[in-house]
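A.B. asks: Sequence below, structure please.
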Amino acid sequence: MAEAGSPSAPSLVDLQTQVVAAREELVASLSTLKGETSPGALAQRGLGAIKGWFTDEYGGIRPERVAIAGAVVAGFVAIKILGRRRR
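C.D. replies: Numbering: from 1, shown residues only. Just a heads-up that it's a prediction; the model follows:
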């Protein structure tokens, strides 16, 4: 028996209600997680990260970063062309 002044034990109905609520919250969380990790969502996040690297906080282009990317691409192309000529 519960002593005077101590909280009473939750009833079976209360426990079942808590379990149902926890289960529904888990299902909702899993559904959200599934949506966030879908290939389309991952691609959108990656694209946003790339766009963010090339733009400033006002949406303007960062020319120094575009130049870096251009130099990397040009270097890669030059290496490929020189590699083919040596064969």
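A.B. asks: From here on, just use CA atoms for contacts and neighbour counts.
C.D. replies: Fine.
A.B. asks: Low-confidence regions, this structure specifically.
C.D. replies: 1-7, 87 (pLDDT under 70).
A.B. asks: ok, now with 50
C.D. replies: Residues of the chain that meet the criterion pLDDT under 50 lie in 1-2, 5.
A.B. asks: That one: strands as residue ranges?
C.D. replies: Counting by DSSP state E, the chain has no strands to list.
A.B. asks: Helices of the chain, start to end?
C.D. replies: Ranges of helices in the chain, per DSSP state H, are 12-36, 39-54, 63-86.
A.B. asks: Adding mean neighbour count, write those out as a markdown table.
C.D. replies: As requested, the helices of the chain are exported to a markdown table (neighbours: other Cα atoms under 10 Å):
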| stretch | mean neighbour count |
| --- | --- |
| helix 12-36 | 12 |
| helix 39-54 | 12 |
| helix 63-86 | 11 |
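A.B. asks: which phi and psi does Ala9 have?
C.D. replies: phi -70, psi 140 (degrees, to the nearest 10).
A.B. asks: For it, grab the count of nearby residues.
C.D. replies: Using other Cα atoms under 10 Å, Ala9 has 10 other residues around it.
A.B. asks: now it: how far from Leu15?
C.D. replies: Counting by Cα to Cα, to the nearest Å, the gap between Ala9 and Leu15 amounts to 10 Å.
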